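> Sequence first, predicted model second:
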Amino acid sequence: MQTPNFEIPAEMRDFAEKSVDQARTAVGTMMANAIKAAEQVQTNSQTFQSTLGAAVAKGLDHAQTNANATFDFAQKLVRTKDLREAFELQSDFVRSQFAALQAQAKDIGSLAQNAAR
C-alpha cells in the first residue's frame, strides 16, 4: 500500500518559514539578554555566587544551543515537501537532541561536582 503524497503548498511553507525566523529572532534576543544578566551575576559575585553564575551561564548556553537546534529543525521541517521527508527529519532530530541532552546533563553534573568541592 502506497502512502498518498501530500504536498505542502509553497505559500504555507513560506509563511511558516517567516514565522520560524521571527520566533528565532525573539528567542535569540531573550537569550542574549539572559546571558548578559548571567555574566553580570558572575562578574559581581563571590566564590559561591561565581560557581552559581557559571552554572546558570552553562545552562543558558545549553538552552541557546537547544533553541537553535529546534529552530533549525523547524526551518528544515517547513521546507519539506512530503510526510516521509518530514518523518525522517523528525527522527534524525530526536536522535541528535537525545545525544545532546545526555552530553549536557553530563556537563551540568560535572559543574555540580566541582561546586560541591
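Arrived safely.
> which secondary structure element contains Phe98?
Secondary structure from DSSP states H and E places Phe98 in helix 83-116.
> how about that helix: buried residues?
When neighbours are counted by 16 or more other CB atoms under 10 Å, the buried residues of helix 83-116 are found to be Ala86, Phe93, Gln104, Leu111. Using the backbone N, CA and C atoms, a C-beta is placed for each residue, glycine as well.
> helices or strands up against it?
Packing partners of helix 83-116 (3 or more CB pairs under 8 Å, 6 or more residues apart in numbering; DSSP states H and E): helix 47-78.
> tilt between the helix it packs on and helix 83-116?
180 degrees (axes from the mean of the first three to the mean of the last three CA atoms, to 10 degrees).
> what mean pLDDT does helix 47-78 have?
Taken as a whole, helix 47-78 has a mean pLDDT of 87.
> list the buried ones in that helix?
Buried-residue list, helix 47-78, by 16+ other CB under 10 Å: 51-60, 62-64, 67, 70-71, 73-74, 76-78.
> Then stretch 24-44?
Neighbour counts over stretch 24-44 (16+ other CB under 10 Å) mark Arg24, Val27, Met31, Ala34, Ile35, Ala38, Val41, Gln42 as buried.
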